[in-house]
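Colleague: Okay, structure incoming, though there's no sequence with it:
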């Protein structure tokens with residue numbers, strides 16, 4: 001049981017060296033960091049990461065405790081390192097209670113099923129354009145190219161802006177913005193222009209000003225994009241949010257949306273390259289659709305593709321976990337956690353624990369058969385986008401984007417990874433290969449097949 005009587009003993013663990021704690025080990029290899037300590041201490045333990053003593057919790061029961069059954073014991077925004085709070089100020093993920101629910105209701109129309117259905121054709125057109133560019137350009141960094149693609153999509157859906165020089169410049173601002181969230185930068189948020197954090201803060205302010213200008217344009221000339229939907233829906237008087245709140249949350253959705261989708265696509269392509277048998281199964285499934293339209297309804301019937309995307313989310317969750325601030329003391333697994341503590345719930349560690357999924361380090365999409373999928377999600381054994389009242393608002397859009405990219409790639413192209421590249425990962429703000437995943441894309445017309453012999457990459 002999660003809540004049992006205890007001697008009010010604090011969770012076991014160690015705090016590492018003064019000031020720094022165990023931050024470097026956590027940042028560079030968070031999955032291994034969590035798995036080693038769970039093996040030593042169990043599903044709850046203490047450490048000192050990203051500037052503060054922290055209680056870490058892993059496993060489906062722990063995630064369900066934090067995200068579902070006892071979510072009112074925790075506050076979101078106050079749990080994050082100060083630098084991230086500054087960069088994400090006013091965003092949905094930093095909100096709690098009535099404010100959080102009000103913002104979710106205000107944005108619900110832009111992520112509803114009818115909205116997703118209307119977005120699918122535009123996503124498919126944009127993906128087709130980018131894939132053609134990739135194929136024409138020789139070797140490229142697939143992660144970086146996918147990130148630009150996803151930013152293009154996010155910019156079109158949220159701001160109504162097509163791929164053009166403006167999107168390139170905005171993407172560069174986002175690069176500066178996200179770089180300030182990497183590694184240990186959020187612990188030392190020095191707001192001077194020559195530091196990564198200072199550049200991130202400046203980029204954030206420029207992006208907010210740009211979004212504000214687009215907001216005014218949409219009021220004058222509504223378009224078929226999410227921002228127009230948000231302005232049209234209005235909501236009840238109690239649900240309406242200010243322009244400042246709207247801009248800050250559009251910025252957050254631009255960030256979260258293209259980061260998560262980019263990670264899922266890149267990791268899926270990598271695993272397809274390493275598992276030609278699964279690639280051929282997915283390709284054969286796409287052949288049955290006779291290159292038909294990628295509607296929301298058609299995508300929902302692609303069972304192999306769905307399992308691949310869920311397995312990528314399990315094996316490579318875009319975000320490794322999240323912080324919470326404890327506002328009410330609790331007992332978990334026999335240990336006491338007092339109010340005022342900081343916790344971190346571990347998504348990556350949970351997905352890779354023995355006993356949660358069979359052979360957890362193996363890429364195996366067949367584990368997600370329809371009969372098991374609902375139970376897996378309910379128990380928080382799969383929580384790549386969080387869960388409970390704070391589940392990611394853009395989860396279904398991210399999965400839809402990922403499936404459209406992979407479906408179009410499978411139908412028309414072969415991809416090979418450059419040999420002898422390291423597949424070592426960076427984990428913050430989202431998981432990605434440090435090499436950028438150097439690759440080549442070739443049209444099927446060139447009869448250039450994919451195979452394991454092309455994947456000499458080191459893991």
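Modeller: All right, it came through fine. This one's a predicted model, so the numbers in the text were calculated from it and none came from an experiment.
Colleague: mind checking how far the closest residue to residue 433 other than its chain neighbours is from residue 58?
Modeller: With Cβ to Cβ, 6 or more residues apart in numbering as the criterion, residue 433 has its nearest non-adjacent residue at 5.3 Å, and that residue is residue 423. Every residue, glycine included, has its C-beta placed from N, CA and C. In this view, residue 423 and residue 58 are 24 Å apart by Cβ to Cβ, to the nearest Å.
Colleague: Show me which of those two is the more surrounded one.
Modeller: Neighbour comparison, residue 423 and residue 58: the larger count goes to residue 58, with 27 against 16 (by other Cβ atoms under 10 Å).
Colleague: shouldn't that one be in contact with residue 351?
Modeller: No. Counting by Cβ atoms under 8 Å, residue 58 stays clear of residue 351, with 9.6 Å between them.
Colleague: Strands of the stretch 101-250 of the chain, start to end?
Modeller: 140-141 (DSSP state E, counting those that start in this stretch).
Colleague: how about low-confidence regions in it?
Modeller: 161-168, 183-192, 223-225, 232-239 (pLDDT under 70).
Colleague: cutoff 90 now
Modeller: 101-112, 115, 118-119, 122, 137-138, 147-148, 151-203, 207, 210-250 (pLDDT under 90).
Colleague: How far does the helix or strand that contains residue 397 sit from its chain's centre?
Modeller: Take DSSP states H and E as the rule and residue 397 turns out to sit in helix 395-412. For helix 395-412, the separation from the chain centroid amounts to 15 Å (computed by Cα atoms, centre = their mean, to the nearest Å).
Colleague: now swap in stretch 408-428 and tell me
Modeller: Counting by Cα atoms, centre = their mean, stretch 408-428 is centred 18 Å from the centre of its parent chain.
Colleague: Over to stretch 426-438 now: how far is its first residue from its last?
Modeller: One end of stretch 426-438 to the other measures 15 Å (Cα to Cα, to the nearest Å).
Colleague: burial measure for the residue nearest to residue 148 when sequence neighbours are not counted, as a count.
Modeller: Spatially, and ignoring its direct neighbours in sequence, residue 148 is nearest to residue 171 (5.8 Å; Cβ to Cβ, 6+ apart). Residue 171 has 18 neighbouring residues, counting by other Cβ under 10 Å.
Colleague: before we move on, back to that, what's the helix holding residue 397 packed up against?
Modeller: Secondary-structure packing of helix 395-412 (3 or more Cβ pairs under 8 Å, 6 or more residues apart in numbering; DSSP states H and E): helix 113-136, helix 142-159, helix 243-274, helix 276-287, helix 296-300, helix 303-315.
Colleague: Next, the angle helix 395-412 makes with the second one.
Modeller: What it means is helix 142-159. 130 degrees (axes from the mean of the first three to the mean of the last three Cα atoms, to 10 degrees).
Colleague: Could you tell me the angle between the direction of helix 142-159 and that of helix 243-274?
Modeller: 150 degrees.
Colleague: Neighbours of the residue nearest to residue 400 when sequence neighbours are not counted, how many?
Modeller: Closest residue in space to residue 400, ignoring its immediate chain neighbours: residue 116 at 5.8 Å, by Cβ to Cβ, 6+ apart. By the measure other Cβ under 10 Å, the count of residues near residue 116 is 19.
Colleague: Spit out the contact partners of the nearest residue to residue 381 once chain neighbours are set aside.
Modeller: In space, and not counting its chain neighbours, residue 381 is closest to residue 60: 4.6 Å by Cβ to Cβ, 6+ apart. Residue 60 makes contacts with 350, 356, 379, 380, 381, as judged by Cβ atoms under 8 Å, 6 or more residues apart in numbering.
Colleague: which phi and psi does the residue nearest to residue 310 when sequence neighbours are not counted have?
Modeller: Leaving aside its sequence neighbours, residue 310 sits nearest to residue 368 (Cβ to Cβ, 6+ apart; 4.5 Å). The phi and psi torsions at residue 368 (degrees, to the nearest 10) take the values phi -100, psi 60.
Colleague: What's the separation between the residue positioned nearest the centre of the chain and residue 199?
Modeller: Geometric centre of the chain, nearest residue: residue 260, 3.1 Å, by Cα atoms, centre = their mean. Separation of residue 260 from residue 199 (Cβ to Cβ) stands at 23 Å.
Colleague: go on, residue 44?
Modeller: 37 Å.
Colleague: out of those two, which sits in the busier spot?
Modeller: For residue 44 versus residue 199, the count of surrounding residues by other Cβ under 10 Å is larger for residue 44: 25 against 20.
Colleague: From what I see, the more buried one and residue 61 are in contact.
Modeller: No. Contact between residue 44 and residue 61 fails when scored by Cβ under 8 Å: they sit 10.1 Å apart.
Colleague: Okay, and the beta partners of residue 54?
Modeller: residue 47 (DSSP bridges).
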